[in-house]
Structure formats: C-alpha cells, structure tokens
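1. below are the sequence and a predicted model; questions follow.
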Amino acid sequence: MTATRSSGASNRVLGSLTILLILADAAFIVICSIVWRAYRDGSIAAADAAAFTLLGVSAAVSAAILAVAATALFRGARGDRLAQAATGLAGLRLVGLAVAVAVIAVTLGFSAVAGPAETFAIILAGGEALAVLLATGVALRRTRHAG
C-alpha cells in the first residue's frame, strides 16, 4: 500500500513538473509570436521568420502533447492510454519537425535555416522536441507501473 501511495505522489510531482514544461513552451510561443508579428507587419522577410515560426508552432504542439502527458500522470494507472498517445504524438512530432526544416530549406532557400539565429531556433526546437519525447516516455513508464 505504501508503494502505491508513494508512486501516486511521485506521479503528481512529475505531472506538476510537466506543467512547468508547458509554461516554458508558452514562453517560446510568446517570443515567437513577436517574430511572427514583425513578419506580418513587413519588418522582416519570410526566410528570416520561418525558423522562429517553426519554433513557435512546435512549442504549441508540445504544450498540447505535454498536457496529455500531465493528465496521464495525474490519472496514474488509468492514464496509460493517454501516455501511450502522448508518446506516439511526440515521436511523430519529432519526425514532422525534421520534415518541416527540410521544407523550409527547399521552399525559402538554405539561408532560411543556415543563419546563426535560424540555426539556434531550429536547434532549440529540436532539443525541446527531444525533451518532450523524454517526458512522455517517463509518463508512459510511470503509468504502466502505477497499478
């Protein structure tokens, strides 16, 4: 009985930490929306805004996936299916991110992904995508072993 209570408490802590990751994604979204607004106002070119737009959209998708993972953690063993879905979506999103970078490079030119700021944004999006995949994997393991 103690193991179940301890497991439930640690799942709640992990769920709370997942919510902190959602807040970090919200910060990325806000920062990238500033770049998007500058693009819409004509202050910067599409090639300059593309990588940051990708980061913002990727962060929005991350927030949704992490919300599913946090819900799974709070539900414990009953959240196993949610954790499976979140992990699958996180994996698909990582593949989608690579495809999106290739599409940006082909459609807007290599300079849209090769500049220092653009490279930073893409690396940040990739690192964040890997962190989400890790977080959802933890949620999956924790919900499978919760019951």
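-> On my side now, so go ahead.
2. contacting residues for the residue nearest the centre of the chain?
-> Nearest to the geometric centre of the chain sits Ser62, at 2.6 Å (Cα atoms, centre = their mean). Ser62 makes contact with 21-22, 25, 93, 128-129, 132 under the criterion Cβ atoms under 8 Å, 6 or more residues apart in numbering. Where C-beta positions appear, they are placed from N, C-alpha and C, glycine not excepted.
3. burial measure for Ala49, as a count.
-> 23 (other Cβ atoms under 10 Å).
4. what packs against the longest helix seen in the chain?
-> The single longest helix within the chain, with elements called by DSSP state H, is helix 2-40. Applying 3 or more Cβ pairs under 8 Å, 6 or more residues apart in numbering; DSSP states H and E, one finds that helix 2-40 makes contact with helix 46-75, helix 116-144.
5. deepest-packed of the ones you listed, please.
-> Highest mean neighbour count of the helices and strands packed on helix 2-40: helix 46-75, a mean of 22 (counted as mean count of other Cβ atoms under 10 Å).
6. chain center to it: distance?
-> 4 Å (Cα atoms, centre = their mean, to the nearest Å).
7. distance-wise, check Leu140 relative to Ser43.
-> 43 Å (Cβ to Cβ, to the nearest Å).
8. repeat that for Leu73.
-> Leu73 is 41 Å from Ser43, by Cβ to Cβ.
9. pLDDT below threshold where in this protein?
-> 1-7, 146-147 (pLDDT under 70).
10. related to what we said a few turns ago, which one among the contacts of Ser62 gets closest to Arg144?
-> Val132 (18.6 Å; Cβ to Cβ).
11. so that closest one touches Leu21, yeah?
-> Yes. Contact status for Val132 versus Leu21: in contact at 7.4 Å, counting by Cβ atoms under 8 Å.
12. got any residues that touch both of these two?
-> Counting by Cβ under 8 Å, 6+ apart, the residues touching both Val132 and Leu21 are 62, 66.
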